[in-house]
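Undergrad: coords below, sequence missing:
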């Protein structure tokens with residue numbers, strides 16, 4: 001079995017908007033270094049909501065790791081500035 005160096009890992013990500021609309025429910029995604037991924041779906045499927053989680057604008061339940069580091073309030077600025085420090 002090949003092992004990949006995971007750069008983005010999403011585990012059990014769920015999110016509902018204040019009006020009660022569920023946009024993401026238990027989303028799991030792993031993207032390896034050098035891998036290309038397309039996000040497709042119908043209007044309202046949650047594509048934009050997912051991307052807003054990856055750039056730290058929205059926060060749902062579940063975990064997001066980028067290059068092995070949890071994406072959270074304390075370190076999201078490091079990704080926005082293009083830095084990754086432990």
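TA: Sure, I can see it. Note that the structure is predicted; figures quoted are calculated from it, not measured.
Undergrad: the helices in the chain, which residues?
TA: Assigned by DSSP state H, the helices in the chain fall at 47-54, 76-80.
Undergrad: which of those helices comes out lowest on mean pLDDT?
TA: For these, the weakest mean pLDDT is recorded on helix 76-80, namely a mean of 63.
Undergrad: from residue 34, how far out is the residue nearest to residue 73 when sequence neighbours are not counted?
TA: Distances taken as Cβ to Cβ, 6 or more residues apart in numbering place residue 59 nearest to residue 73, at 7.6 Å, with adjacent residues excluded. Just so you know, the C-beta spots here come from the backbone N, C-alpha and C atoms, and that holds for glycine as well. Distance from residue 59 to residue 34, counting by Cβ to Cβ, to the nearest Å: 28 Å.
Undergrad: distance of the spatially most central residue of the chain from residue 20?
TA: The centroid of the chain falls nearest to residue 54 when counting by Cα atoms, centre = their mean (3.9 Å). Applying Cβ to Cβ, the value for residue 54 to residue 20 is 23 Å.
Undergrad: ok, residue 56 next?
TA: As judged by Cβ to Cβ, residue 56 and residue 20 stand 23 Å apart.
Undergrad: more neighbours, the two?
TA: Legend: neighbour count by other Cβ atoms under 10 Å for residue 56 and residue 20, higher for residue 56 (17 against 6).
Undergrad: my guess is that one meets residue 71, correct?
TA: Yes - between residue 56 and residue 71 there is a contact under Cβ atoms under 8 Å: 6.4 Å.
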